[in-house]
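Trainee: Just need the structure, nothing else, for what follows:
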Amino acid sequence: MGHLDHATFGWLTPVLSYVMACTGAALGLRCTVRALGSTGRARRNWLLTAASALGTGIWTMHFVAMLGFGVSGTDIRYDVPLTILSLFVAVLVVTAGVFAVGYGRDRNRALLAGGLTTGLGVASMHYLGMAAVRLHGDVRYDPMLVGLSVLIAVAAATAALWAALNIRSPVAVTVASLVMGAAVSSMHYTGMFAVGVHVTPSSAALPGATAMQFIFPLAVGLGSYLFITSAFVALSPTAGESAESASAQRPVAGAAR
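Mentor: So this is what the prediction gives:
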């Protein structure tokens, strides 16, 4: 068995991955709050932004953490198409969950359906990302820990959607984002602790790209998207602020006539 190291760079990758998960959660929650206060096309656009933020945050968290993953006795490469597919899976399933909550008439039923769908999708993203790993040896999984990681994913997704429906104040959103970031990180590392690798030493070249060649630049790009979108959302007026601005302008317009 090869020795697995989940933090080859020390605390850097676990802490940075947690920050990315919290950032995606905070942005997703704020956008959902904006969506629920909007109608028509505005609601749809805010929900799309929320879904992309949550999905991107979860995926970035996973692969930033994977930058610190190493196995003694073998190099590691990543299958590029499978890795990109895992990103699309993350965004699509989160979109399904967010839209179920955003447009569902029965909130409780939408919450349960959305949480289950999104949680299973997040778990699928994680293990699809693990299927993209290429190394000299065989990867095995502890079924109990795999099952636990899936349960954590479903619980975290349901909690995220519940928070999106029920939390409004910026302070509460911040606290919920910290909790959600911890839940997503727990799901990831539970899934990683389920992994065992039987190394078969070989000098043959591995297919795929190294983490620094592919994962790192993509994670930086997606992280930049999260922070830029966060700034845009922070500077955009809420529905209440827009209504107040419109009502303040009406008397001025009437006086001018």
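Trainee: check which helix or strand covers the residue nearest in space to the middle of the chain.
Mentor: The C-alpha lying nearest the average C-alpha coordinate of the chain belongs to residue 58 (C-alpha atoms, centre = their mean; 1.8 Å). Secondary structure from DSSP states H and E places residue 58 in helix 40-66.
Trainee: Run me through the strand neighbours of the helix or strand following that helix, direction for each.
Mentor: Counting by DSSP H and E, the next helix or strand C-terminal to helix 40-66 is strand 70-71. With DSSP bridges as the test, strand 70-71 is paired with strand 4-5 (antiparallel).
Trainee: in the helix or strand following the partner strand, what's buried?
Mentor: Where DSSP H and E defines the elements, the next helix or strand beyond strand 4-5 is helix 12-36. Residues of helix 12-36 classed as buried by neighbour count (16 or more other C-beta atoms under 10 Å): 13-14, 16-36. Bear in mind the C-beta positions are built from the backbone N, C-alpha and C, glycine included.
Trainee: now swap in stretch 227-238 and tell me
Mentor: 229-230, 233.
Trainee: I'd guessed residue 98 sits against residue 161; true?
Mentor: Yes - counting by C-beta atoms under 8 Å, residue 98 does reach residue 161; the two are 7.3 Å apart.
Trainee: any shared contact partners between those two?
Mentor: Common contacts of residue 98 and residue 161 (C-beta atoms under 8 Å, 6 or more residues apart in numbering): 114, 118.
Trainee: what about the helices in this structure?
Mentor: 12-36, 40-66, 80-103, 107-131, 143-166, 170-193, 216-235, 239-256 (DSSP state H).
Trainee: List the buried residues of the fifth one.
Mentor: In this case it means helix 143-166. Buried residues in helix 143-166 (16+ other C-beta under 10 Å): 146, 148-150, 152-154, 156-165.
Trainee: And the longest one, by the same measure?
Mentor: Judged by neighbour count using 16+ other C-beta under 10 Å, the buried positions of helix 40-66 are 43, 46-66.
Trainee: If you tally nearby residues, what's the number for residue 7?
Mentor: 16 (other C-beta atoms under 10 Å).
Trainee: got it, and residue 169?
Mentor: 9.
Trainee: State the distance from it to residue 42.
Mentor: Residue 169 sits 21 Å away from residue 42, going by C-beta to C-beta, to the nearest Å.
Trainee: do residue 151 as well
Mentor: 36 Å.
Trainee: Per-residue confidence at the nearest residue to residue 30 once chain neighbours are set aside, what does it come out as?
Mentor: Nearest residue to residue 30, sequence neighbours excluded (C-beta to C-beta, 6 or more residues apart in numbering): residue 233, at 5.5 Å. On pLDDT, residue 233 comes in at 78.
Trainee: isn't residue 233 right up against residue 29?
Mentor: No - counting by C-beta under 8 Å, residue 233 sits too far from residue 29 to count as a contact (10.3 Å).
Trainee: okay, and for the stretch 101-250 of the chain, where does confidence drop off?
Mentor: Regions of the stretch 101-250 of the chain meeting the criterion pLDDT under 70 cover residues 235, 237-250.
Trainee: Now with 80, please.
Mentor: For the stretch 101-250 of the chain, applying pLDDT under 80 flags the ranges 104-105, 107, 164-165, 167-170, 231-250.
Trainee: what residues are up against residue 190?
Mentor: 145, 148-149, 152.
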